[in-house]
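S.K.: build me a model from this:
(one chain, ligands or ions: 1)
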Amino acid sequence: MTLPIGSLSNKRVLLGITGGIAAYKSADLLRRLQTAGAEVRVVMTQAATEFITPLTFQALSGHPVHLDLLDTAAEAAMGHIELARWADVILIAPATADFIARLVHGEAGDLLSTLCLARKGPLAIAPAMNQAMWSNAATQHNITALQERDITIFDPAAGYQACGDVGEGRMEEPEQLVALTSALFGSTLLAGQKVVITAGPTQEALDPVRYLSNHSSGKMGYALAEAAAEAGAETVLISGPVALAPPSRVRTIAVTSAQEMLDASLQEVSDATLFIAAAAVADYRPTTVANQKIKKSAGAVSLTLEKTTDIVATVAGLENRPFTVGFAAETENLVVHARDKLERKQLDLVIANDVSDTRIGFGSDNNRVVLVTSDGEQELPEMRKTQLARELILYICTRFALN
Ligand code: PMT
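M.R.: A predicted model of the protein is given here:
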């Protein structure tokens with residue numbers, strides 16, 4: 001699914017190209033950036049010039065390609081600090097594993113890495129490498145370090161690779177990179193709209209020290225909140241107890257139990273356009289909560305549980321309901337169970353995921369989902385939850401004309 005968003009009119013894009021075979025796609029990327037309205041200047045590393053010539057990019061961009069840090073002629077035309085200030089965004093595509101590692105360490109041994117240090121605006125990278133190099137712990141550690149520094153990662157896609165391997169590591173397609181770059185400037189897709197998202201697990205107390213809960217990490221819901229904020233929405237995240245930092249530009253309400261999540265949701269949805277229930281809400285809670293810690297000496301303990309209120313179904317049942325989206329966490333018959341939830345809870349869309357698969361379920365960075373609506377199903381490939389969240393926001397806004 002590739003949906004164009006935003007526009008690059010009047011935007012200055014510094015396109016950095018490093019030495020990988022995906023550099024051949026950068027010529028197409030340059031053209032598409034220009035078509036989206038951007039003014040583009042190109043910086044290549046020495047290794048990149050082994051794969052594609054600077055002349056190609058000079059001809060396409062209509063400007064000399066910047067290659068060296070210590071090039072007096074280039075410095076006289078536009079110094080490297082000036083070039084870094086000129087750019088509204090630096091987009092490095094492809095970004096090799098080596099360049100990513102150098103970025104993590106703040107190295108400034110060549111022009112491109114120096115520009116990254118001197119930049120004022122956003123920096124986005126589109127990694128491209130062999131699938132084993134991408135999944136290597138060192139690379140993943142580097143990616144996390146860059147994300148913590150607010151550097152945007154346009155995750156690689158999965159598929160056949162130039163080396164013959166199959167897996168995740170291919171540079172994202174140019175068309176998609178242009179859409180993602182546009183989104184960096186704050187798309188107006190959800191401008192003026194309020195979006196409420198639940199995330200994480202709930203905890204249902206048994207006594208003052210024990211509770212019933214589940215393995216939700218909150219990653220999926222938090223990624224959705226970031227994507228909604230990125231699309232310009234006033235975003236409220238109602239979160240159960242998780243170990244994640246609250247996203248910026250998002251109002252986060254911390255709750256513990258299903259009842260608290262229900263109360264906060266009802267408080268927030270009355271003026272919302274969109275409600276997404278990504279939380280793994282406890283379906284049952286103990287009928288009574290012991291005032292004191294239950295003693296082991298009591299021997300075997302029997303618990304009586306009662307059902308919690310279904311939050312997403314309650315929101316869907318409101319007279320002035322927002323567009324209401326639920327998830328379906330299943331371990332078998334994904335679509336059948338998701339469709340049952342769609343109908344039973346009267347939802348507009350159900351996002352079904354298989355939580356029996358540890359690579360994509362609770363706590364993982366990736367997910368693979370099927371979108372289930374009253375008129376059909378659409379399967380999305382496995383991808384990072386951050387990427388998936390952006391695609392889901394795009395899908396919801398464009399397919400259901402929410403803006
Ligand atoms: O948090 P992560 O580690 O990133 O994992 C993501 C996830 C697996 C938790 C997420 O992708 C997901 O599937 N969330 C929904 C989990 C769930 O409880 O699914 P369910 O099939 O049991 O519930 C269906 C829907 O009803 C869900 O939208 C749920 O939020 C909602 N629900 C359920 C019970 C309840 N009392 N109130 C609800 O609103």
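S.K.: let me see the domain layout of the chain.
M.R.: 12-182, 194-399 (automatic domain parsing).
S.K.: quick one: terminal-to-terminal distance for the first one?
M.R.: Yep, that's domain 12-182 we're talking about. For domain 12-182, the separation between the terminal residues is 11 Å (C-alpha to C-alpha, to the nearest Å).
S.K.: same question for the last one.
M.R.: This stretch, domain 194-399, spans 18 Å end to end (C-alpha to C-alpha).
S.K.: what do you get for stretch 143-152?
M.R.: 9 Å.
S.K.: need the residues that contact it.
M.R.: With C-beta atoms under 8 Å, 6 or more residues apart in numbering as the test, stretch 143-152 has contacts from Ile100, Leu103, Val104, Pro122, Leu123, Ala124, Ile125, Pro127, Ile153, Leu180, Leu184. To be clear about C-beta, it is placed using only N, CA and C from the backbone, and glycine gets the same treatment.
S.K.: pLDDT on it, on average?
M.R.: Averaging pLDDT along stretch 143-152 gives 93.
S.K.: need the domains of the chain in JSON lines (columns: mean neighbour count and distance to Thr188).
M.R.: Shown next, in JSON lines, are the domains of the chain (neighbours: other C-beta atoms under 10 Å; distance: least, C-beta to C-beta, whole Å):
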{"stretch": "domain 12-182", "mean neighbour count": "19", "distance to Thr188": "10"}
{"stretch": "domain 194-399", "mean neighbour count": "19", "distance to Thr188": "5"}
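S.K.: could you dump the ones you listed into TSV and include distance to the ligand?
M.R.: Conversion of the domains of the chain to TSV gives the following (distance: least, C-beta to the nearest ligand atom, whole Å):
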stretch	distance to the ligand
domain 12-182	16
domain 194-399	3
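S.K.: tell me which element Ala225 falls in.
M.R.: Assigned by DSSP states H and E, Ala225 belongs to helix 219-230.
S.K.: tell me what that helix is packed against?
M.R.: Secondary-structure packing of helix 219-230 (3 or more C-beta pairs under 8 Å, 6 or more residues apart in numbering; DSSP states H and E): strand 194-199, strand 234-239, strand 250-254, strand 274-277, helix 385-399.
S.K.: quick check: angle from it to strand 250-254?
M.R.: 150 degrees (axes from the mean of the first three to the mean of the last three C-alpha atoms, to 10 degrees).
S.K.: any idea which of the contacts of stretch 143-152 is closest to Tyr222?
M.R.: For these, the closest approach to Tyr222 (C-beta to C-beta) belongs to Ile153, at 15.5 Å.
S.K.: how about the helices in the protein?
M.R.: 23-35, 54-61, 72-77, 80-86, 97-104, 111-118, 131-135, 137-148, 174-184, 219-230, 258-269, 311-316, 334-344, 385-399 (DSSP state H).
S.K.: what's the angle between the helix holding Ala225 and strand 194-199?
M.R.: Angle of helix 219-230 versus strand 194-199, following the same axes, to 10 degrees, is 170 degrees.
S.K.: now what about helix 219-230, what contacts it?
M.R.: 183, 186-187, 190, 195, 197-200, 235, 237, 239, 242, 244, 247-250, 252, 274, 276, 278-279, 327, 363-365, 367, 385-386, 388-390, 392-393.
S.K.: now with 7 Å, please.
M.R.: With contact meaning C-beta atoms under 7 Å, 6 or more residues apart in numbering, helix 219-230 is reached by 183, 187, 190, 195, 197-200, 235, 237, 239, 244, 247, 249-250, 276, 278-279, 365, 367, 385-386, 389-390, 392-393.
S.K.: and that helix with strand 234-239, angle?
M.R.: Taking the same axes, to 10 degrees, helix 219-230 and strand 234-239 form an angle of 170 degrees between their directions.
S.K.: send over helix 219-230 as CSV, restricted to the C-alpha atoms.
M.R.: Output of helix 219-230 as CSV, limited to C-alpha atoms (Å, rounded to 0.1, in the frame of the first residue of the first chain):
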residue,chain,number,x,y,z
LYS,A,219,4.6,-0.6,21.3
MET,A,220,1.7,-0.9,18.8
GLY,A,221,-0.5,1.7,20.5
TYR,A,222,2.4,4.1,21.1
ALA,A,223,3.5,3.9,17.4
LEU,A,224,-0.1,4.7,16.4
ALA,A,225,-0.2,7.7,18.7
GLU,A,226,3.1,9.0,17.2
ALA,A,227,1.7,8.5,13.7
ALA,A,228,-1.5,10.3,14.5
ALA,A,229,0.4,13.2,15.9
GLU,A,230,2.7,13.2,12.9
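S.K.: identify the bridge partners of Leu91.
M.R.: Leu15, Ala124 (DSSP bridges).
S.K.: just checking, it touches Val13?
M.R.: Yes - using C-beta atoms under 7 Å, Leu91 is in contact with Val13, at 5.7 Å.
S.K.: mutual contacts of the two, please.
M.R.: By C-beta under 7 Å, 6+ apart, the residues touching both Leu91 and Val13 are Thr181.
S.K.: if we can go back for a sec, quick one: closest of the helices of the chain to Leu212.
M.R.: helix 258-269 (10.2 Å).
S.K.: pLDDT (mean, whole number) over the closest one?
M.R.: 98.
S.K.: who are the packing partners of it?
M.R.: strand 194-199, strand 234-239, helix 311-316 (3 or more C-beta pairs under 7 Å, 6 or more residues apart in numbering; DSSP states H and E).
S.K.: hmm, who's touching the last one?
M.R.: With C-beta under 7 Å, 6+ apart as the contact definition, helix 311-316 has outside contacts at 198, 261-262, 265, 269, 275, 277, 281, 321, 324, 326, 345-347.
S.K.: what's the most distant pair in these?
M.R.: Top of the distance list for those (C-beta to C-beta): Met261 and Gln346, 19.2 Å.
S.K.: show me what Ala95 bridges to in the sheet.
M.R.: Bridge pairing for Ala95 - DSSP bridges - gives Pro127.
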